[in-house]
Each structure stands twice: as C-alpha cells, then as structure tokens.
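Asks: Quick check, what structure comes out for this input:
(one chain, ligands or ions: 2)
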Amino acid sequence: MGDCIFCKIAKGEIPSDFVYKDENVVAFKDLNPQAPVHILVIPREHFESALKVDNDSVWNKLISSAVKIAKELGLEKDGFRMVINTGEQGGQTVMHLHLHLLAGRNLGWPPG
Ligand code: 5GP
Ligand code: ZN
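Replies: Ligands and ions are numbered 1, 2, ... in the order given. A predicted model of the protein is given here:
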C-alpha cells in the first residue's frame, strides 16, 4: 500500500530499529514505547487489520515469530504480553496489522 507507514518500514524505506526480519515478517522497536520492551511485529504483506486476514498462515507466522523473539530476548522467565489492537475502540491507530510485544515491567490487568 503506497502511503502505509508500516509497508514503508517493512520495505526498509524508513529507518527503524529492527530486531527481527524474515521473508514474511519484520519486527522493530515501537517509536513511543509503553514498556521497557515494546516491539511491533508485522507481516510484510499489507492487511488493514486483524479483520482482513484471509489466510491462517499469516497468524501462524506472526504469532510464532513474536514468541521466537520473546524467547531470544530472554523473556520466558518474567513473561510478556502480545496485543493486537483492532478498530477504533480497540485502540488501533496504524492501519497495517501489527502485534505489540510488551515486557520488562508488571503490565497489570485489566488494561485501562
Ligand atoms: P496501534 O495503536 O495501532 O495498536 O499501534 C501503533 C503503534 O505504532 C504505536 O504504539 C506507535 O507508537 C507506533 N508507531 C507509529 N508510527 C511509528 C513509526 O513510524 N515507527 C515506529 N517504530 N513505531 C511507530
Ligand atoms: Zn501496510
């Protein structure tokens, strides 16, 4: 998608702090971190939101990559959270599917 910021990040057109890349997925540090670890994991392919995913392999790759990154960062012991905001009340502000990987503090529950 021409003007999608996360498509541009995935293509390397915007400098980003990448922590993981493969043929399907890239992951980079959130610009405005909400926790000591705050990484965005995205499919290279553009989906406007979770509602537009038409292929379960997208979920497989996205979530398995996020778990792999969490393990690589040593988050197994203290734990972490994976979040996919969807739509207006879900708090989605960037219209390219992304998974937030959050860790490094007690995140609390329920969310505010
Ligand atoms: P959402 O609110 O859509 O679930 O999450 C979007 C996230 O993308 C926010 O946490 C925001 O800080 C992050 N973000 C927005 N634009 C950029 C950007 O250009 N670079 C990076 N690294 N993060 C961004
Ligand atoms: Zn996009």
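
Asks: Where does D78 sit: helix, strand or coil?
Replies: coil (DSSP: H, G, I helix; E, B strand; the rest coil).

Asks: Look through the protein and tell me its longest strand.
Replies: Ranked by residue count, the top strand of the chain under DSSP state E comes out as strand 37-43.

Asks: For that strand, which helices and strands make contact with it?
Replies: Under the contact definition 3 or more C-beta pairs under 8 Å, 6 or more residues apart in numbering; DSSP states H and E, strand 37-43 sits against helix 5-10, strand 25-29, helix 56-72, strand 99-103. (Each C-beta comes from the backbone N, C-alpha and C, glycine too.)

Asks: tell me which parts of the protein are close to ligand 1?
Replies: 5, 16, 28-32, 40, 85, 91-94 (C-beta under 6 Å from any ligand atom).

Asks: quick check, nearest of the residues you listed to ligand 2?
Replies: Ranked by distance to ligand 2 (C-beta to the ion), those are led by I5 at 7.5 Å.

Asks: number of nearby residues for that closest one?
Replies: Neighbourhood size, I5 [other C-beta atoms under 10 Å]: 14.

Asks: So, low pLDDT: which residues of this structure?
Replies: Along the chain, no part satisfies pLDDT under 70.

Asks: For it, which residues are neighbours of ligand 2?
Replies: 1, 4, 6-7, 46, 96 (C-beta under 5 Å from the ion).

Asks: buried residues in stretch 16-31?
Replies: For stretch 16-31, a neighbour-count test (16 or more other C-beta atoms under 10 Å) marks 16, 19-20, 25-28, 30 as buried.

Asks: tell me the contacts of L101?
Replies: Contacts for L101 (C-beta atoms under 8 Å, 6 or more residues apart in numbering) come out as 27, 37-41, 66, 69-70, 80-82.

Asks: Next: L97.
Replies: Per C-beta under 8 Å, 6+ apart, neighbours of L97: 42-43, 47-50, 52-53, 58, 62, 84.
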